[in-house]
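Chemist: I'll drop the sequence and a predicted model, then ask my questions.
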Amino acid sequence: MKFVAATFVLFLFCRTGFAQEQTLTAAEPKSVTVPAAIDHNRIVINVDIALPDGSTKTIHAWVDNGNPDLEMSRRLATLLGLTVTCGDKECSAPAPSRMVVGGMAIPLSDVKQAKVPLKPAMVMAAGMDADINIPSSVLRHYDVLVDFPGHKFSIGLPGTIHFQGSSEKVQINPENGLIQVPSKLENKKYNLALDLGSSISFLSDELFEKLATTHPDWPHMTGAIGSANMWGAREETQWKVMRVDRVQYGPLFLTNVAAVALPKATVDFFQKRAGLPTAGLIGSNVLLNYRVGLDYARSMVYFDIGRMFNFPDFGVIGLVLRPEDDGQYTILGVADFEGKPSVPSGADGVQPGDHLVAVNGIPVKGSTMGQVWSMLGGTPGQERILTIEHAGKEFTVTANVQHFLGEAPEEDKKKKKWLATDQKPRSILISLDRGRRNEYFFFQCRGCARIEALAHQNNVALLFNYNCPLFGIPDVAPG
């Protein structure tokens, strides 16, 4: 009888435990939305990681859909008690078992190793406030929505997020989740990656030079400033940057796209990872007005416009900076503006190797790249007082904010002349997708210049148009 009673109690205990397990499993959310910081055009969120003692630690994670590799800081590897093994070029450690986003567990079981910086610094990447990234190899198992205007990030099981906006079928590498979007430049077809982890867009050096030769009037410069100043690599002082007039990117017609020329060796590396030819990538710098949805299961991307605002991404002080592991910022170079150094340089000014100490008296040490460039940005003509350290001594330099990559006055004249002398008027219908509603605009114009001006001023997507040769679309009579 005691045996029967004990068996019955054990049965009830097991049933209760099973029921609790079912309740816990059922209670785990299928999708979550969490706040996101947009820092230097990069998406950073809070995630929880379990520590060896059973406690949890909240850390910052970088949403990095353009990179299939899991990366973490040495600080996090130390907290997790992981063994870091180093070779000649990089270090690695076993990947954590999972991370938790807003109460939703994200397993990392597919990832065997995490990359750790070779240098003994404790950060994952200098100039960033993040200890781990969420790579494409992890994101590819989920629905993902990045809401740039709302500063929010959503992730959910396939089919749980209701995407809105204009959509496009894309090619996704099933092994690593890298996305290639069908695109057009100069009415020629290309693949361009979608990389929301990149602060700037890139084009292959071959395509970049072809466009620059064909369109010498497009604004261009040398030196990675503002959002183009990605990591502070020494070669960034020589990066070529240009505003591409128009890019058809999936369902979007993007205008004035700031892009950097990408060396052939880097393009070849990207193509190998993507598994198909690619001509570059579109980064977050041109998508800050959008809610971008990634439906990996159906190989679809969605672009839902959330606001119309022209970001002054190159209204800055013309420094090329390198964030250091100790939180300092080294000046690599000074960009020219209208043929002259944009910041006082030379023996009495800024020199390569100097340290930027403060902007208007606010120390920059320990700040992120996004925070520093916010200090250096502003309206053209505004003054910034820079505290500079050279050979252990500090001094100040006054520099003006300049509008780099701006439209030259003579270009305005060309456009007015083109508008006045173009051929017969054409009818154009465009639709701006608002998610729950569409707003329609109908124009009578010559050569679609008014549509181009609308897109230029508001940085909006031209989702549909008719009779518009401007974008290489043949004449179609509006219905």
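Modeler: The structure has been received and is ready for your questions. Model, not experiment: these values are computed from the prediction.
Chemist: gap between the nearest residue to Phe404 once chain neighbours are set aside and Ala258?
Modeler: Once flanking residues are discounted, Phe404 sits nearest to Phe314: 4.1 Å by C-beta to C-beta, 6 or more residues apart in numbering. All C-beta spots, glycine's among them, are computed from the backbone N, C-alpha and C. Computed as C-beta to C-beta, to the nearest Å, the Phe314 to Ala258 distance reads 7 Å.
Chemist: now do the shared contacts for the two.
Modeler: 227, 405 (C-beta atoms under 8 Å, 6 or more residues apart in numbering).
Chemist: Met300 contacts Ser167, correct?
Modeler: Yes - proximity of Met300 to Ser167 meets the contact threshold set by C-beta atoms under 8 Å, at 5.4 Å.
Chemist: for the stretch 251-400 of the chain, which segments are assigned as helices?
Modeler: Under the criterion DSSP state H, counting those that start in this stretch, the stretch 251-400 of the chain contains helices at 264-274, 369-376.
Chemist: before we move on, back to that, surely the residue nearest to Phe404 is in contact with Met242?
Modeler: No - between Phe314 and Met242 there is no contact under C-beta under 8 Å: 11.4 Å.
Chemist: between those two, point out the one with more neighbours.
Modeler: Phe314 (24 against 21; other C-beta atoms under 10 Å).
Chemist: Ser227 versus the more buried one, what's the distance?
Modeler: With C-beta to C-beta as the criterion, Phe314 and Ser227 are 8 Å apart.
Chemist: overlap of the contact sets of those two?
Modeler: Ala258.
Chemist: quick check: pLDDT value at Val146.
Modeler: Val146 is assigned a pLDDT of 98 by the prediction.
Chemist: count of residues packed around it?
Modeler: 23.
Chemist: excluding chain neighbours, what is closest to it?
Modeler: Using C-beta to C-beta, 6+ apart, the closest residue to Val146 is Val292 (4.8 Å).
Chemist: my guess is that neighbour contacts Phe148. True?
Modeler: Yes - the pair Val292 and Phe148 qualifies as a contact (C-beta under 8 Å) at a distance of 7.2 Å.
Chemist: spatially, which residue comes closest to Asp313, not counting chain neighbours?
Modeler: Ser227 (5.0 Å).
Chemist: pLDDT score for the one you found?
Modeler: 97.
Chemist: same question for Ala27.
Modeler: Confidence score, pLDDT, at Ala27: 74.
Chemist: how much space between Ile385 and Val241?
Modeler: Ile385 is 26 Å from Val241, by C-beta to C-beta.
Chemist: my bad, should have said Ser299
Modeler: For Ser299 relative to Val241 (C-beta to C-beta), the value is 32 Å.
Chemist: neighbour count for those two, which is higher?
Modeler: Val241 (26 against 14).
Chemist: contacting residues around that one?
Modeler: So Val241 contacts 220-224, 228, 258-261, 405 (C-beta under 8 Å, 6+ apart).
Chemist: now list the buried members of those residues.
Modeler: Buried subset of those (neighbour count, 16 or more other C-beta atoms under 10 Å): 220-221, 223-224, 228, 258-261, 405.
Chemist: format those as JSON lines; extra columns: distance to Gln248.
Modeler: As requested, the buried ones among the contacts of Val241 are exported to JSON lines (distance: C-beta to C-beta, whole Å):
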{"residue": "His220", "distance to Gln248": "21"}
{"residue": "Met221", "distance to Gln248": "25"}
{"residue": "Gly223", "distance to Gln248": "28"}
{"residue": "Ala224", "distance to Gln248": "26"}
{"residue": "Ala228", "distance to Gln248": "22"}
{"residue": "Ala258", "distance to Gln248": "17"}
{"residue": "Ala259", "distance to Gln248": "14"}
{"residue": "Val260", "distance to Gln248": "20"}
{"residue": "Ala261", "distance to Gln248": "20"}
{"residue": "Leu405", "distance to Gln248": "21"}
